[in-house]
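I would like to see how this sequence folds:
(2 chains)
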Amino acid sequence: MTPLLATLVPTRLVHLAPVDVVIVVFYFALVLSIGWYLKGRANTGEDFFMAGREMTAWVAGLSFLSANLGALELMGWAGSAYQYGILATHWYWIGAIPAMLFLALVMMPFYYISKTHSVPGYLKLRFGEPSRALSAVSFAFMTVLMSGVNMFAMAKVMQIVLGWDINFSIWVSSLTVAIYVMLGGLRSAIFNEVLQFFLIWAGALLIPILGLYEAGGWTNLKLQIAQRASEQYVHLWSGLGSFTANPMGIHWTGIVFGLGSIISMGYWTTDFLVVQRILAAKDIRSAEMAPIIGAGFKMMVPFIVILPGLLGLAVLPMKLVPESVAKVTGGYSYNDVLPLMLARYCGPGLLGLGVTALIAGFMSGMAGNVSAFTTVWTYDIYRPFINSKGSDHHYVNMGRWTTIIGVLISVGTAYLVMQFASIMDYVQALFSFFIAPLFGTVVLGMLWRRATGPGGFWGLLCGTLSSVSMWTWVKLDPSALRYVALSPHAKGLAQDMYQALWSFIVCVVVTVVVSLATKPMPDSELTGLVYGLTEVPSVGDVPLYQKPLFWAAVITVVFIVLNIIFW
Amino acid sequence: MISIWFFIGISLAVNGALILAAGIYQLVNPPVNPGVVLFHLHANVWWGAVLLVFGLIYCFKFAPKRQS
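Residues are numbered from 1 along each chain as shown, chains lettered A, B, ... in the order given. Below is the predicted model:
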């Protein structure tokens, strides 16, 4: 056996047939071909970093969603559905849809009109250089570390599911992403993300279809879950009246005000990883429609993520356990539910497509991280602070090199995590520190003209520090969770919700107080950046069915109806 | 420029053809131990066919010559 084939010997959950291997290899060949084809169309800064700002609403919208639809998210939330039931759907519905619509209708016009290259770039225009520096450095640093953490986690999954060698998974996937992003820039990343979106659906859609067939439909599935777990596993809201009445140990205030109002708003409206896809839209209508299209598909994602987890509760013969228990007992963990369901229903060919969907999910997330890191490094750190006199060609070359270097740092992080597993928890926690305060800073900047540069900077800094402080407090004294999350029964996810809420409030209060104590900015500096001083361009004289507002209303109605159906 | 939808068509068509072929092979030569639940539904036959048809439609509709 050759060394290459030796790395592909399946040892655990699924066994690939030759046709499955052909499908996986074809996927790698296709994404590299797309990168190669697009390399001639990434010669200017606008082309390389912003995809020429010529994406249609559909391409930008699907890419926007795909950058978030990582394999770890698919497997992790399927596992959460097995563990907590349908409550996990909140992260796809109230934890995403209102924020996406808010981005489309309220925030996107300001991002788009300002012609910024990035979210830190908007902060520079609105609050000045210190705010940009703080958010750019923290974003670049965390993005590249997160990419490495995800890379290691995915390689670990591939080892468990397919028996692949960790080094093989890390290097093949990271080099593939590095090559196609370096060649074609953001356009290549976006094209591949749209392709990956289709593959994820094509590979994952059969599981709920066949699962519902086996379970005897939704009504029978609910009965089986009630018998094997609890009736609360299939209710979205009815058990959220108290911390102890639902499997997650969370209260509805945490879901509505922590997740729905702060965390999701912070992630979907200010995380440059996803916002960058929308900034590449060809016009204001496309920029507004893209998040709405993304929201429409986001509402359907629970069908391929949450439902397989619920089906696992009903049809899998074995009981899944937490990761820590599975390691000791040798059993299957919650996170194995999606691969187990894949292996249950998918024969030769379909299995290859399912595995390709997982790999595609991972690579789309990584390409998103890398392309966002490249843009922020080049435009928000290198150009303003290191070399402000370079030519456009120079910055494109810097972008290409940064792509490679960013991937190598991610690989280095992956190996670091391999040696010191606890780093993973710290990096994931660090990332959450910046999201909620950043949302506070950006949204005040867009909606309140009195907010000043010092106010924005100090609000962002204090909000971030308060988040770090709360996390450290609970880490040192776990009983402090009763104060941070308002209940001694609260669990880890509840801590995230309330930590985000408090850090957002700190950010807003500090921004308001400092702004009122400092000199107002002249209106001339705020034109095009703030509500009330900006003429938002019309989406044009288009029929009703092409208006973003109309589709936002449709999505809102469907969102409300779905929540009532699964109440 | 070649449309992104053309690349998606190629991907769906090739994957669909491979899955359909694997499904037909299993239909003609049923394995003693299929290894999957609901094998009798032959999901790889009809799912492969669905992907192939959609892929071909995308390839035809967004073919570079038609687009230009």
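
wait, B:I8 sits on A:V194?
Yes - taking contacts as C-beta atoms under 8 Å, B:I8 lies within contact range of A:V194: 6.9 Å. (Each C-beta comes from the backbone N, C-alpha and C, glycine too.)

now stretch A:221-228, how far from the chain's geometric center?
31 Å (C-alpha atoms, centre = their mean, to the nearest Å).

and if you look at stretch A:37-55?
23 Å.

Just the endpoints, please. Distance across that stretch?
From its first residue to its last, stretch A:37-55 covers 17 Å (C-alpha to C-alpha, to the nearest Å).

ditto for stretch A:328-339
20 Å.

Spell out which parts of chain B neighbour chain A.
B:1-2, B:4, B:7-8, B:10-12, B:14-15, B:18-23, B:26, B:34-39, B:41, B:43-44, B:47-48, B:51 (C-beta under 8 Å from any C-beta of the partner chain).

redo that, cut-off 6 Å
B:4, B:7-8, B:11, B:14-15, B:18-19, B:22, B:36-38, B:43-44, B:47, B:51 (C-beta under 6 Å from any C-beta of the partner chain).

Surely A:W567 is in a strand?
No - using DSSP: H, G, I helix; E, B strand; the rest coil, the assignment for A:W567 is coil, not a strand.

Nearest spatial neighbour of it, chain-adjacent residues omitted?
Nearest non-adjacent residue to A:W567, counting by C-beta to C-beta, 6 or more residues apart in numbering or on different chains: A:W237, 5.1 Å away.

Next, give phi and psi for the one you found.
phi -120, psi -30 (degrees, to the nearest 10).

Pretty sure it sits against A:I564.
No - if you go by C-beta atoms under 6 Å, A:W237 and A:I564 don't touch, sitting 9.1 Å apart.

higher neighbour count, the two?
Higher neighbour count among A:W237 and A:I564: A:W237, with 17 against 10, using other C-beta atoms under 10 Å in any protein chain shown.

if I look at the more buried one, how far off is A:K222?
Noted for A:W237: a distance of 16 Å to A:K222, by C-beta to C-beta, to the nearest Å.

how about whichever residue of the stretch 251-400 of chain A sits closest to chain B, what does it touch?
Closest to chain B within the stretch 251-400 of chain A is A:G349: 3.5 Å, counting by C-beta to the nearest C-beta. Counting by C-beta atoms under 6 Å, 6 or more residues apart in numbering or on different chains, A:G349 touches A:19, B:18-19, B:22, B:44.

so what's residue 9 scoring on pLDDT?
By default, I'm working from chain A. pLDDT for A:V9: 41.

looking at chain B here, not the other one
So, for B:G9, pLDDT stands at 95.

Quick check: closest non-adjacent residue to it.
Closest to B:G9 by C-beta to C-beta, 6+ apart is B:Y58, at 2.9 Å.

thinking again about what came up before, kindly give a single ChimeraX line that selects the buried subset of the residues of chain B next to chain A.
Buried members of these, defined by 16 or more other C-beta atoms under 10 Å in any protein chain shown, are picked up in ChimeraX with:
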select /B:4,7,8,11,14,15,18,19,22,36,37,43,44,47,51
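
In helices, which of the residues of chain B next to chain A fall?
Using DSSP state H, the members of the residues of chain B next to chain A that fall within helices are B:4, B:7-8, B:11, B:14-15, B:18-19, B:22, B:43-44, B:47, B:51.

I'd like those residues written out as TSV, with distance to A:D165 added.
Shown next, in TSV, are these (distance: C-beta to C-beta, whole Å):
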residue	distance to A:D165
B:I4	33
B:F7	30
B:I8	31
B:S11	26
B:V14	27
B:N15	25
B:L18	25
B:I19	27
B:A22	26
B:A43	30
B:N44	28
B:W47	30
B:L51	30
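
Can you name the residue of the stretch 451-567 of chain A nearest to chain B?
For the stretch 451-567 of chain A, C-beta to the nearest C-beta, closest residue to chain B: A:Q546, 19.5 Å.

Give the burial count for that residue, as a bare number.
14.

Please tell me the pLDDT value assigned to it.
86.

Please name the residues that touch the most centrally placed residue in chain B.
Closest residue to the average C-alpha location of chain B: B:G16 at 1.0 Å, with C-alpha atoms, centre = their mean. Residues near B:G16 by C-beta under 6 Å, 6+ apart: B:48, B:51-52, B:55.

for stretch A:489-503, the distance to its chain's centre please.
On C-alpha atoms, centre = their mean, the centre of stretch A:489-503 falls 19 Å from the chain's centre.

residues making contact with that stretch?
A:243-244, A:249-250, A:254, A:257-259, A:262-263, A:436-437, A:463, A:466-467, A:470, A:481, A:484-485.

Buried only: go through those for me.
Of the contacts of stretch A:489-503, these count as buried by 16+ other C-beta under 10 Å: A:243, A:249-250, A:254, A:257-259, A:262-263, A:436-437, A:463, A:466-467, A:470, A:481, A:484-485.

Skipping its backbone neighbours, what lies nearest A:G445 in space?
Distances taken as C-beta to C-beta, 6+ apart put A:R126 closest to A:G445, at 4.2 Å, once the chain neighbours are dropped.

Relative to A:G352, how far out is that neighbour?
Counting by C-beta to C-beta - A:R126 and A:G352 are separated by 48 Å.

Run through chain B and note the low-pLDDT ranges.
Under the criterion pLDDT under 70, the flagged ranges of chain B are B:66-68.

before we move on, the earlier item: is it correct that the residue nearest to A:G445 is in contact with A:G528?
No - using C-beta under 6 Å, A:R126 is not in contact with A:G528, being 10.0 Å away.

In terms of neighbours, single out the busier of these two.
A:R126 (27 against 16).

So for the more buried one, what's the pLDDT?
On pLDDT, A:R126 comes in at 93.

Check which helix or strand it maps to.
helix A:119-127 (DSSP states H and E).

Show me what that helix is packed up against.
helix A:129-162 (3 or more C-beta pairs under 6 Å, 6 or more residues apart in numbering or on different chains; DSSP states H and E).

what is the rounded mean pLDDT of the helix it packs on?
Mean predicted confidence for helix A:129-162 is 85.

Find the centremost residue of chain A, please.
A:N68 (3.4 Å).

Domain map for chain A?
A:3-416, A:424-536 (automatic domain parsing).

Of these, give the one that comes closest to B:P30.
B:P30 lies closest to domain A:3-416 among the domains of chain A, at 11.1 Å (C-beta to C-beta).

Now do the closest one: distance to the chain's middle.
5 Å.

what does stretch B:51-62 give?
Worked out by C-alpha atoms, centre = their mean, stretch B:51-62 lies 10 Å from the chain centre.
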